[in-house]
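# 3D model of this:
(2 chains, ligands or ions: 2)
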Protein chains: 2
Amino acid sequence: MSKSLPKRSEDYSLWYNELVKRAGLAENSAVRGCMVIKPYGYAIWEKMQRQLDDMFKRTGHQNAYFPLLVPKSMFEAEEKNAEGFAKECAVVTHYRLQTDPDNPGKLRVDPNAKLEEELIIRPTSEAIIWSTYKGWIQSYRDLPLLINQWANVMRWEMRTRLFLRTAEFLWQEGHTAHATAEEAIAETRQMLDVYAQFAEEWMALPVVKGVKSENERFAGALDTYCIEGLMQDGKALQAGTSHFLGQNFAKAFDVQFTNKEGQLEHVWGTSWGVSTRLMGALVMAHSDDEGLVLPPKLAPIQVVIVPIYKAGQLEELAERIRPIQMGLLDRGISVKFDDRDTERPGFKFAEWELKGVPVRIAVGMRDLESGTLEVARRDTKQKMNLPLADIVDSVAALLDDIQTNIYNKALHFRETHTTRVDTYEEFKQALEGEGGFVVAHWDGTSETEERIKEETKATIRCLALNEPDEEGVDMLTGKPSARRVFFARAY
Amino acid sequence: MSKSLPKRSEDYSLWYNELVKRAGLAENSAVRGCMVIKPYGYAIWEKMQRQLDDMFKRTGHQNAYFPLLVPKSMFEAEEKNAEGFAKECAVVTHYRLQTDPDNPGKLRVDPNAKLEEELIIRPTSEAIIWSTYKGWIQSYRDLPLLINQWANVMRWEMRTRLFLRTAEFLWQEGHTAHATAEEAIAETRQMLDVYAQFAEEWMALPVVKGVKSENERFAGALDTYCIEGLMQDGKALQAGTSHFLGQNFAKAFDVQFTNKEGQLEHVWGTSWGVSTRLMGALVMAHSDDEGLVLPPKLAPIQVVIVPIYKAGQLEELAERIRPIQMGLLDRGISVKFDDRDTERPGFKFAEWELKGVPVRIAVGMRDLESGTLEVARRDTKQKMNLPLADIVDSVAALLDDIQTNIYNKALHFRETHTTRVDTYEEFKQALEGEGGFVVAHWDGTSETEERIKEETKATIRCLALNEPDEEGVDMLTGKPSARRVFFARAY
Ligand SMILES: [Zn+2]
Ligand SMILES: [Zn+2]
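Numbering: from 1, shown residues only, chains lettered A, B, ... in the order given. Ligands and ions are numbered 1, 2, ... in the order given. Down below sits the predicted model:
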């Protein structure tokens, strides 16, 4: 509270880090690359979880839980997947400590407690889950198998950033098994739609739905679908992925089923996930130099009431405010009455602004007598005087309006920061300017993609699903292209 | 389904293991000591979580998330705690795999990726959390700090059993910090009460609330409170613990605060937890030789409707059943309509009995015409014909009755399996007979407690809070005792 946040325009990266910490979302821990998710941050994550979980269940999925540790031999069974994650694996080699004979009061790893086979902390759970599915699937009647897991995973990243890239993160991972490729693809697409709907309706974050190029595909998948959002600094952020695994894992773990004709076939698979990375996207997409701007649907506190009073008046004022508080609560609106007697209103205003509470109501005795309350909305910082008589209705409508406005603002930003270019010059100019999505023709080769990445730091975010066919030529190689793809610098 | 369960009276332990697997609650994984929690089991755990989480929040707690891995030097800071868990610690020593040059397509641990300091997978999180609290607590205004975490933890147990004792398990761990010992003790007791209320009202499991003897205390605590339930084989099961930590962790991690008088003091702490072990307690306390008996408040499916029909009738029957189904759903009752055309009613009855669904309704055309439905309750296996006209009210009342009945049955079992004895002979007889709680005088020494354990395998479950003072002598040593304590053989 003491000093103001860094400005986005001056140091976006510093602004982000400071905001995440000062708003009480997360902080770095003593463990390299691992974060502590603080109560206010976790409360937002819980709201995300609850909504996503409801959406998964409505689409027929059930939750389960699989082991944290994966034996190395199991992990390496699907070779591409293993290769893709090998460099980031935390490895458990021992299962016991003992008192250190050279160092009283200290512990050391017990050399006699070495595991016969090393165990990997899951970077993702395909291996352990498909090895389990082998026991669960025999016949077409066991399919589809639609399972989701909420869990922590570990990827030993070298450069980490709160929420965006951490060694340990929380996520959900769906793992489904189907009788046919068509069904598995339909599932992959369905979950992509669920993610897009969640991002747009709940996070107020417009996203581009698309397919990854081969370079950016999940290791072990035949196709990776994704949703890509645009942050305020013009960088893209992958907010969720849904993979069509083909029969890769079924073959690696020998998961077969007897079809209706009595023949043995390998099962078709999908996996899909979103993580605490979404928290980073939420912060980066909407917040401003005063602090968080939270969409009302995910705000742990939707309305804060700040009493304005002279010494000795608080109790009476609180009494008069209670019906307003109760009215909002009855409407399902979460309300905080900030009755701290130790802080001044100005301090409280700044604190709740920092924390992104969508609506603030300041209430003094005089307001109650005049029958109008001063209401401030966080997104536009607009203040208005609203009649006390129908304050609950007005606030409910205001919250809806804020949700829509935040989305529209982000959509407008994306629209004004999406550039269609035809030459490599224009491409580089767009990136060097305000960034954003740059939509260009590409010849479809990894070589071209890699050269562009090296020269401009931009990657292909996706081949957008709703991008129309259009004949053209690759801006770099001049080779033919049938459709434009979305490039951007990305998190 | 194919063959019946082992009988409790013949092999209680085998009955339990088979039931857990066949009812679809959990199974062993390929990772030693780690289980897979299957969808039906996880659905029960989710109901437990939701209710406990609500109770924690109502008592002022917030959730947060702390790292999975703890540096060894941090872990050993509170010596007693470290000593207590050292023998069960999984240790991460490396952070990368590489392709094995001697073994194409295989991976090995990269010897160049050895961690400077080993990381422990949390067996419990006091160390990482108190090292974090140091940064969060400066003044009395920062207290109390009331935080809970839902997480996985790892304890390398040598002999494991599904739910009851697994290397990895899921739990919640509350960690609170207070300005005074009195407040911390009050918190410890409050959470014990929350656990007891949850066990009794939700799990239908009567519990004895008490304090552990020094031998059984949590490593690093000054006092461990617990709730103890009694299983059908006469063994006790510790279902939850709440620890008063004194200033042990505050001192180990130097967590001090400035009190109202401006002086520096160490903070007082508590921690408390329940785990997926509760799933084992739930199964063992109530289930029978036909399968699970679930208390309605925790049953994922509260009512199953099985249609009784001749070939070709199903569609019409389903149409007529839908209003019943909807009526129950509107009342907040979870209903499964088992319309599988591939299985016969008898098979379905047995399956839902195995899965412990509290109420089964069998519906045929004739029942609908006569206006009465055949309703079976799982707990007593009683069948009754209930009027269709007010079926929703009757089923709602029946569910309440089942919840109460299961609790009363367990309470009666505990009452008839609690023996007060005065001599060591009687003590051993009680244990050799039907087991249960044996309430006896004890001289308060660890030596006596250990001797009793060696000779009888019974441990002191707790010094029950509501046990009155009573002068007596230790049954073994003849030394004076001021109060009886609860002994039992235990899980
Ligand atoms: Zn711009
Ligand atoms: Zn008996």
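# so how many other residues sit close to A:Glu157?
The local packing of A:Glu157 (other CB atoms under 10 Å in any protein chain shown) involves 17 other residues. Just so you know, the C-beta spots here come from the backbone N, C-alpha and C atoms, and that holds for glycine as well.
# That one against A:Ala167, yeah?
Yes - counting by CB atoms under 8 Å, A:Glu157 touches A:Ala167, with 5.7 Å between them.
# Mutual contacts of the two, please.
Counting by CB atoms under 8 Å, 6 or more residues apart in numbering or on different chains, the contacts common to A:Glu157 and A:Ala167 are A:Gly33.
# mind listing the strands in the stretch 351-491 of chain A by residue range?
With DSSP state E, counting those that start in this stretch, the ranges of strands along the stretch 351-491 of chain A come out as A:359-364, A:372-377, A:383-387, A:418-420, A:437-441, A:459-464, A:469-473, A:480-488.
# looking at those, which is closest to chain B?
The closest of the strands of the stretch 351-491 of chain A to chain B is strand A:359-364. By CB to the nearest CB, the value is 21.4 Å.
# okay if I get the strands of the stretch 351-491 of chain A as CSV plus mean pLDDT, distance to B:Arg277 and mean neighbour count?
Formatted as CSV, the strands of the stretch 351-491 of chain A follow (pLDDT from 0 to 100; distance: least, CB to CB, whole Å; neighbours: other CB atoms under 10 Å in any protein chain shown):
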stretch, mean pLDDT, distance to B:Arg277, mean neighbour count
strand A:359-364, 98, 43, 21
strand A:372-377, 98, 48, 19
strand A:383-387, 97, 52, 13
strand A:418-420, 97, 53, 16
strand A:437-441, 98, 50, 25
strand A:459-464, 98, 45, 22
strand A:469-473, 96, 58, 12
strand A:480-488, 97, 48, 20
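# Which one, of these, ends up nearest to A:Lys114?
strand A:459-464 (41.4 Å; CB to CB).
# what's around A:Asp54, how many residues?
Count around A:Asp54 with other CB under 10 Å applied: 10.
# shouldn't A:Pro71 be in contact with A:Glu117?
Yes - if you go by CB under 8 Å, A:Pro71 and A:Glu117 touch, sitting 5.3 Å apart.
# between the two, who's got more neighbours?
The neighbour comparison of A:Pro71 against A:Glu117 (other CB under 10 Å) goes to A:Pro71, with 22 against 11.
# tell me the domain boundaries of chain A?
Domain assignment for chain A by the TED database gives A:12-68+A:132-286, A:301-403, A:417-488.
# which stretch among the ones you listed comes nearest chain B?
Nearest of the domains of chain A to chain B, taken as CB to the nearest CB: domain A:12-68+A:132-286 at 3.8 Å.
# how far does that closest one sit from the chain's center?
9 Å (CA atoms, centre = their mean, to the nearest Å).
# Report the separation between the two terminal residues of it.
The separation between the terminal residues of domain A:12-68+A:132-286, taken as CA to CA, to the nearest Å, is 13 Å.
# close to chain B, is that domain?
Yes - when contact is scored as CB under 8 Å from any CB of the partner chain, part of domain A:12-68+A:132-286 falls within range of chain B: A:27, A:29-31, A:34-39, A:42-43, A:45-46, A:62-68, A:132, A:135, A:141, A:147, A:151-152, A:154, A:156, A:168, A:170.
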